[in-house]
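K.L.:
Could you work out the structure for the sequence below:
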Amino acid sequence: MASVPAVLASEWTKIRTVASTSWTLVSAFVVTVALGAALCALTKAQFHNLSDLERATFDPTLVSFTGMVLGQLAMVVFGVLVVGTEYSSGMIRTSLAAVPQRTVFLFGKISVATVLALVVGLVTSFLSFFLGQALLGGHRTSIGEPNVLRAVFGAGLYMALIAVFSMGVAAMLRSSMLSLGILMPFFFLVSQILAAVPGAKEVARYFPDQAGAKIMQVVPQAMGSDKTPYGPWGGLGIMLVWVAAALLGGWLVIKHRDA
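P.N.:
Below is the predicted model:
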């Protein structure tokens, strides 16, 4: 019977020695910070072209995290690879032979990956914020303003939760290709498109990314966005329900199906 510390050490070794998982985290960091900085600089230059409503609801904190649109996709890939690679390579049988307690195996893997994703997410969110505010010039805000620190921490937590949600989906589907084939279009296309379609956006606002992203807002209805029936913490709560459901589904699959 494998001990929990041994399982955690084993999973840490797997993650840090597989180049693809490391590079996805680097990509998430670079893409989020770089794109956010570029859009902050562009916003400063074009601020006078914003509509009156957009200027009245301008949220400099949220603008810092605009790179999250692409950065979160790298976190999706990270989450899927952490779980799905063992299935695609066939190593899952060896892993379960070494750790027959499937609950310990799955949540040991997810725990290590979650801590790593959270660290990267927080470093990314804080750097994105400070760099973005520097580029916004006179339109910037400070970390000490009301609710700004909450939004910055929330952005890092959001990135980590996207990764955890993806781990749960990958555990359910037991395939990296299938998981990516569903999650990438969902977050990059389906969710974004439905959020802009009248009628459909009433449903899309309860998707994990749309709800969870509210934690990054400081100004209500920022940049002229629609009003939602929940606030930042309510949105994060909705996202947590999605994450819990994905993890439960992944646990049920690995618990009751053969490798």
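K.L.:
residues contacting the residue nearest to V253 when sequence neighbours are not counted?
P.N.:
Of all residues not flanking V253 in the chain, M172 sits nearest, at 5.1 Å (C-beta to C-beta, 6 or more residues apart in numbering). Placement of C-beta: from N, CA and C, glycine included. By C-beta atoms under 8 Å, 6 or more residues apart in numbering, the residues touching M172 are 246, 249-250, 253.
K.L.:
which other residues reach the helix or strand harbouring M184?
P.N.:
Assigned by DSSP states H and E, M184 belongs to helix 176-185. Residues outside helix 176-185 that contact it (C-beta under 8 Å, 6+ apart): 73, 76-77, 80-81, 84-85, 87-88, 166, 169-170, 173.
K.L.:
For ChimeraX, what selects the buried ones among those residues?
P.N.:
To isolate the buried members of the contacts of helix 176-185 in ChimeraX, using 16 or more other C-beta atoms under 10 Å:
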select :73,76,77,80,81,84,85,87,166,169,170,173
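K.L.:
what's the farthest-apart pair in the contacts of helix 176-185?
P.N.:
The widest separation within the contacts of helix 176-185, taken as C-beta to C-beta, falls between L73 and Y87 and amounts to 20.9 Å.
K.L.:
From what I see, K214 and G235 are in contact.
P.N.:
Yes. Between K214 and G235 there is a contact at 3.2 Å, judged by C-beta atoms under 8 Å.
K.L.:
which residues do those two both contact?
P.N.:
Jointly contacting K214 and G235 under the rule C-beta under 8 Å, 6+ apart are T228.
K.L.:
Centre of the chain to the helix holding M184, how far?
P.N.:
Relative to its chain's centre, helix 176-185 lies at 15 Å (C-alpha atoms, centre = their mean, to the nearest Å).
K.L.:
Same check on stretch 64-82?
P.N.:
6 Å.
K.L.:
Alpha carbons of that stretch, as PDB, please.
P.N.:
Only the C-alpha atoms of stretch 64-82 are listed here, as PDB (Å, rounded to 0.1, in the frame of the first residue of the first chain):
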ATOM      1  CA  SER A  64      -4.700  43.900 -16.900                       C
ATOM      2  CA  PHE A  65      -6.200  40.400 -17.200                       C
ATOM      3  CA  THR A  66      -7.300  40.500 -20.800                       C
ATOM      4  CA  GLY A  67      -4.500  38.200 -21.600                       C
ATOM      5  CA  MET A  68      -6.300  35.500 -19.600                       C
ATOM      6  CA  VAL A  69      -8.500  34.800 -22.600                       C
ATOM      7  CA  LEU A  70      -5.600  33.000 -24.300                       C
ATOM      8  CA  GLY A  71      -3.600  32.200 -21.100                       C
ATOM      9  CA  GLN A  72      -6.400  30.000 -19.800                       C
ATOM     10  CA  LEU A  73      -6.200  27.800 -22.800                       C
ATOM     11  CA  ALA A  74      -2.600  26.900 -21.800                       C
ATOM     12  CA  MET A  75      -3.900  26.000 -18.300                       C
ATOM     13  CA  VAL A  76      -6.500  23.800 -20.000                       C
ATOM     14  CA  VAL A  77      -3.700  22.000 -21.800                       C
ATOM     15  CA  PHE A  78      -1.700  21.600 -18.600                       C
ATOM     16  CA  GLY A  79      -4.700  20.100 -16.700                       C
ATOM     17  CA  VAL A  80      -5.500  17.700 -19.500                       C
ATOM     18  CA  LEU A  81      -1.900  16.500 -19.900                       C
ATOM     19  CA  VAL A  82      -1.400  16.000 -16.200                       C
END
